[in-house]
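> need the 3D shape of this:
(2 chains)
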Number of protein chains: 2
Amino acid sequence: MSNITQSRLLAELNTILRFSGLLTGEAVKSRAATFWDNSPMRAKALLRPSSVEQLQQCMRLCHAARQVIVPLGGNTSLAEGTAASADDMVLSLERLNQIEQIDTVSQTVTVQAGVVLQALHEALAAQNWVFPVDLGARGSCTLGGMLATNAGGFGVLVHGMMRTQVLGLEVVLADGSLLSSMHGFLKNNSGYDLKQLFIGSEGTLGIITRAILRIKPALAGRASALLGVERFEQVCELLKHLQSGSGLSAFEVMWPSFWRLNTGEYSSHQSPLAGEHNFYVLLECQASSQAAAEAACCSALEAAFNDGLLQDAVIAQSMAEAQSLWAIREAYEAEQKRFKQIWGFDVSLRIADMQRFAQLLEERLKRLSAAIYLSVYGHLADGNLHLILGGNPPLPETHTVEEVVYQCLAEFGGSISAEHGVGLEKKPWLHLTRNANELHWMRQLKQLFDPHGLLNPGKIFDSEPA
Amino acid sequence: MSNITQSRLLAELNTILRFSGLLTGEAVKSRAATFWDNSPMRAKALLRPSSVEQLQQCMRLCHAARQVIVPLGGNTSLAEGTAASADDMVLSLERLNQIEQIDTVSQTVTVQAGVVLQALHEALAAQNWVFPVDLGARGSCTLGGMLATNAGGFGVLVHGMMRTQVLGLEVVLADGSLLSSMHGFLKNNSGYDLKQLFIGSEGTLGIITRAILRIKPALAGRASALLGVERFEQVCELLKHLQSGSGLSAFEVMWPSFWRLNTGEYSSHQSPLAGEHNFYVLLECQASSQAAAEAACCSALEAAFNDGLLQDAVIAQSMAEAQSLWAIREAYEAEQKRFKQIWGFDVSLRIADMQRFAQLLEERLKRLSAAIYLSVYGHLADGNLHLILGGNPPLPETHTVEEVVYQCLAEFGGSISAEHGVGLEKKPWLHLTRNANELHWMRQLKQLFDPHGLLNPGKIFDSEPA
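Here you go, the predicted model:
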């Protein structure tokens, strides 16, 4: 296989990376395995190139040595997408962290893959512009990782996922060659749109190094409201109603199971709504000023109330009130306190199927074990539900629980991953969402771009069908 | 190559397509070559399957016989994307024209590829929903063709191109196998997003047969305004200003060369603005009611006027006035009357480069021939300019004119095709926009999905590098 010995490979990498760019031994172990797991990172070495040219040189060398590379972004994967063994080299672009250009006329930003999302938000905010993708891990996730996993978040219903923001992309392939499509405009029908292949491919087809992304003018006004709604059909009707010119920018739906958990005895939050409801909707409207956002939100909700679409509503009267509403949606302390075992799922399905799915799943889980609590919430407009399953032992095996969830989902034609990717964790279930021919062509593409299987191998799917 | 004689191939296709689905001889010739060219269509046969299964059977047979297939949508390609020879079989999905499902809860529509855009618009309008892509050829273009070419149009700045609307896609490959990814939700990070490969690949990788597309609630209010602006920087500032919560849905910019031509002596239109301006901006704002759209438009323009961003403005006071403004933007009679020779270009480049490009190109064209008139306009927010070059003989050769335009564009890193695709027409210039490594990987993908080169061969690029 390899014409190069391991010691020579490390020595040559060390030269390319000028020593400080290559970590081995204790320097690797001193890092955490992942954001969620404090055990020592496992890797033969951690490569930290400071330029794309350095990365290309490393990749050429590793390609010649048939050395497996596991690319790492902010290390916050929720799907074991960056798991590495002691034989792998882990690649971090943490030193490729420059915002190269903010062009407010062309409405683009040129970034290196190692830029942390929050750093981009802050640089743009200083000029009254925004990058419209935002998510909980903003302080650690990198744009390269977000591109490799096609990250989503709260603004997808208006702005789309990462894929929609990408105008230009630069990728280093498994053999070290550069595939650059760094265009800076929205429309470009000049042959195949190669960059689409790499977005969302979880580092298995190439290493994303730079990108040109869309930016948008910042809107000064944001109004948040929390609604209590009786029937699922009304939730959907409300969404449609609010999409009609109200500046709707977020529409989060929480089932009572979620609400009771996160405003109940294990939680520090209290429900600002009197009484119980079958659905809780947390929404945000944006406009050019705070007054305009509040006016648009109020008038839309007034009309919805008159149409009988909602039972109760509170509109945040201050930033602090808005934050306390969103804090309930983003809470996770109650489940941590109440349950020894927690399973999280990130699934998508047609909006029209969501309520039937939630009901059917609850029945099936009850049949499996009375000890499992199912909490349901999510980005309804995106067809995306998050499921938190919690319980205290004795409990069924993880595989059994996953089987019940994913089997139920498959009956509705849903997807096992909405925004978190597949990684290692969801690989056993991928066949429920993607058919044999789709998996065949995924393997063909992997074979085409990475014939030796060196880039993040074993993630998403195995190179041979099971 | 082939184990099947031509006569047997036609006989078997005839059986599969139950006679009425297969046209040959005079029945083919009675059709026009394209929407723009009334000469007889050239093809060995025209295949018109009435089901995906029939199409698969035809493709299997043609694959075995190594028969070239040229897929046809509404036949309005502006880039010779469907040119066929007498040895080719042309494939039309005109009988696969069902809107299978409108799901206003999931906000999706399931369509067959042969559905004409206008038919979809009408079916949705009846339920107060819209499909957000619209373009001039709406009465003839099919959704399959629009997907194969990633069509754009007027609403791209808000809604994106066809690619952004696609949730699910079904494709028949060169060998007749079915690659179905008919998912009906916005977020789906379950492995490679295969459908992206086929969108915009101009029928060279597979035949798009069905799709699940996003739909949106219709907005009842639309306000149009025409502005006169002095400097290009102000045009860009205006765009940013109007993107900040005004419901901006279209932002078209016309250079004086366009305006003089289309409101002058050869035109039936008159400029509603007094005096001349360096830039003309035609914009539209949408809102939930006509009053709200007009109020948002007026207040945004008032603020812009107070900020010194515009010299003059007219806001349409009725539907008829709005239509007469848009009629100028969509006019093409003046160029037809005035010029014997017209060359059209559809290019994209960074917004910040547009004015310098327009000026430099004008200088270069003047140097080439004093007889060439350059008219510039386009979807500025999308980075997309249309160029109309007109003149009366004696004139330079087409190739020489194209060379001047595309060479100038290449200096700004622009794209030779924003929304019209490459087809045959732009193939000689593709290397100016896409680098050698990009072209290499395009060929690799073509080889992977269509190893015998049977699907629309010779379009976009040649199978071997020149």
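
> CA atoms for contacts and neighbours, from now on please.
OK.

> please enumerate the strands of the stretch 151-300 of chain A.
A:166-172, A:178-181, A:207-214, A:216-217, A:221-229, A:248-254, A:279-287 (DSSP state E, counting those that start in this stretch).

> quick check: residue A:388 is in a strand.
Yes: the assignment for residue A:388 by DSSP: H, G, I helix; E, B strand; the rest coil puts it in a strand.

> nearest to chain B among the strands of the stretch 151-300 of chain A would be which one?
Ranking those by proximity to chain B (C-alpha to the nearest C-alpha) places strand A:279-287 first, at 4.7 Å.

> adjacent strands (with direction) for that closest one?
Neighbouring strands of strand A:279-287 in its sheet, by DSSP bridges, are strand A:221-229 (antiparallel), strand A:248-254 (antiparallel).

> one step back: redo the strands of the stretch 151-300 of chain A as a markdown table? Include mean neighbour count and distance to residue A:435.
Listed next are the strands of the stretch 151-300 of chain A as a markdown table, based on neighbours: other C-alpha atoms under 10 Å in any protein chain shown; distance: least, C-alpha to C-alpha, whole Å:
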| stretch | mean neighbour count | distance to residue A:435 |
| --- | --- | --- |
| strand A:166-172 | 23 | 28 |
| strand A:178-181 | 22 | 29 |
| strand A:207-214 | 27 | 27 |
| strand A:216-217 | 20 | 37 |
| strand A:221-229 | 24 | 37 |
| strand A:248-254 | 24 | 30 |
| strand A:279-287 | 25 | 34 |
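
> how about JSON lines for these, with mean pLDDT added?
What follows is these, written out as JSON lines (pLDDT from 0 to 100):
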{"stretch": "strand A:166-172", "mean pLDDT": "98"}
{"stretch": "strand A:178-181", "mean pLDDT": "98"}
{"stretch": "strand A:207-214", "mean pLDDT": "98"}
{"stretch": "strand A:216-217", "mean pLDDT": "96"}
{"stretch": "strand A:221-229", "mean pLDDT": "97"}
{"stretch": "strand A:248-254", "mean pLDDT": "96"}
{"stretch": "strand A:279-287", "mean pLDDT": "97"}
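
> could you find the closest non-adjacent residue to the residue of the stretch 1-150 of chain A found nearest chain B?
Here the stretch 1-150 of chain A gets closest to chain B at one residue, residue A:106, 4.5 Å apart by C-alpha to the nearest C-alpha. Spatial nearest neighbour of residue A:106, excluding adjacent residues (C-alpha to C-alpha, 6 or more residues apart in numbering or on different chains): residue B:351 at 4.5 Å.

> surely that neighbour touches residue B:378?
No: with contact defined as C-alpha atoms under 8 Å, residue B:351 does not reach residue B:378; the gap is 11.0 Å.

> of all the strands paired with strand A:279-287, which one is nearest residue A:462?
Of all these, strand A:248-254 sits nearest to residue A:462, with 35.0 Å by C-alpha to C-alpha.

> give me the contacts around the closest one.
Outside of strand A:248-254, the residues within contact range by C-alpha atoms under 8 Å, 6 or more residues apart in numbering or on different chains are A:154-155, A:157-158, A:239, A:242, A:279-286, A:329, A:376-381.

> centre of the chain to it, how far?
Distance, stretch centre to chain centre, for strand A:248-254: 17 Å (C-alpha atoms, centre = their mean, to the nearest Å).

> the nearest residue to residue A:416 once chain neighbours are set aside: what secondary structure?
Leaving out its chain neighbours, the residue that sits closest to residue A:416 by C-alpha to C-alpha, 6+ apart is residue A:347, at 5.0 Å. Following three-state DSSP, we place residue A:347 in the strand state.

> in stretch A:115-130, which residues are buried?
A:115-121, A:124, A:129-130 (16 or more other C-alpha atoms under 10 Å in any protein chain shown).

> same thing with stretch A:23-34?
By 16+ other C-alpha under 10 Å, the buried positions in stretch A:23-34 come out as A:23, A:28-29, A:33-34.

> got a list of contacts for that stretch?
Applying C-alpha under 8 Å, 6+ apart, the contact partners of stretch A:23-34 are A:38-48, A:75-77.

> what's the answer for stretch A:51-71, then?
Outside stretch A:51-71, the residues that touch it by C-alpha under 8 Å, 6+ apart are A:1-5, A:9, A:13, A:16-17, A:49, A:82-84, A:87-92, A:95-96, A:172-178, A:203, A:207, A:209, A:452-457.

> so how far is residue A:384 from the residue nearest to the spatial centre of chain A?
The centroid of chain A falls nearest to residue A:151 when counting by C-alpha atoms, centre = their mean (3.6 Å). Going from residue A:151 to residue A:384 by C-alpha to C-alpha, to the nearest Å gives 13 Å.

> the top helix by length along chain A - contacts with which helices or strands?
When chain A is parsed with DSSP state H, its longest helix is helix A:290-306. Judged by 3 or more C-alpha pairs under 8 Å, 6 or more residues apart in numbering or on different chains; DSSP states H and E, the packing partners of helix A:290-306 are strand A:221-229, helix A:232-243, strand A:279-287.

> could you dump these into TSV and include distance to residue B:225?
Shown next, in TSV, are the helices and strands packed on helix A:290-306 (distance: least, C-alpha to C-alpha, whole Å):
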stretch	distance to residue B:225
strand A:221-229	25
helix A:232-243	24
strand A:279-287	21
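
> to residue A:183, which of the ones you listed lies closest?
Of all those, it is strand A:279-287 that lies closest to residue A:183, at 29.7 Å by C-alpha to C-alpha.

> on that earlier part again, thinking the residue nearest to the centre of chain A is in contact with residue A:162, fair?
Yes: contact status for residue A:151 versus residue A:162: in contact at 5.6 Å, counting by C-alpha under 8 Å.

> tell me the contacts of residue A:279?
Per C-alpha under 8 Å, 6+ apart, neighbours of residue A:279: A:228-232, A:235, A:253-256.

> ok, now how distant is it from residue A:268?
From residue A:279 to residue A:268 the distance is 21 Å (C-alpha to C-alpha).

> ok, now residue A:258?
Residue A:258 is 14 Å from residue A:268, by C-alpha to C-alpha.

> and the two? Which one has more around it.
In this view residue A:258 and residue A:268 are compared by other C-alpha atoms under 10 Å in any protein chain shown, and residue A:258 has more residues nearby, 24 against 12.

> tell me which stretches of the stretch 51-200 of chain A form helices.
Secondary structure of the stretch 51-200 of chain A, counting by DSSP state H, counting those that start in this stretch: helices at A:52-64, A:117-125, A:143-148, A:156-159, A:162-165, A:195-198.

> how far does stretch A:190-199 sit from the chain's center?
Distance of stretch A:190-199 from the chain centroid (C-alpha atoms, centre = their mean) equals 21 Å.

> now what about it, what contacts it?
A:147-150, A:163, A:168-170, A:181, A:205-206, A:208, B:192-194, B:196-197, B:200-201, B:415-418, B:421-422, B:430, B:433-434, B:438, B:441-442, B:460.

> mind listing the helices in the stretch 301-450 of chain A by residue range?
In the stretch 301-450 of chain A, the segments counted as helices under DSSP H, counting those that start in this stretch are A:319-329, A:333-338, A:354-368, A:398-411, A:436-449.

> mind listing the strands for the stretch 1-150 of chain A?
According to DSSP E, counting those that start in this stretch, the strands that the stretch 1-150 of chain A contains are A:22-23, A:32-34, A:37-40, A:45-47, A:69-72, A:89-92, A:99-103, A:108-112, A:129-130.

> any chance of those strands in JSON lines, plus mean pLDDT and distance to residue A:333?
Supplementary listing: the strands of the stretch 1-150 of chain A in JSON lines, determined by pLDDT from 0 to 100; distance: least, C-alpha to C-alpha, whole Å:
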{"stretch": "strand A:22-23", "mean pLDDT": "97", "distance to residue A:333": "36"}
{"stretch": "strand A:32-34", "mean pLDDT": "93", "distance to residue A:333": "20"}
{"stretch": "strand A:37-40", "mean pLDDT": "93", "distance to residue A:333": "18"}
{"stretch": "strand A:45-47", "mean pLDDT": "98", "distance to residue A:333": "34"}
{"stretch": "strand A:69-72", "mean pLDDT": "98", "distance to residue A:333": "28"}
{"stretch": "strand A:89-92", "mean pLDDT": "98", "distance to residue A:333": "31"}
{"stretch": "strand A:99-103", "mean pLDDT": "98", "distance to residue A:333": "35"}
{"stretch": "strand A:108-112", "mean pLDDT": "98", "distance to residue A:333": "35"}
{"stretch": "strand A:129-130", "mean pLDDT": "97", "distance to residue A:333": "30"}
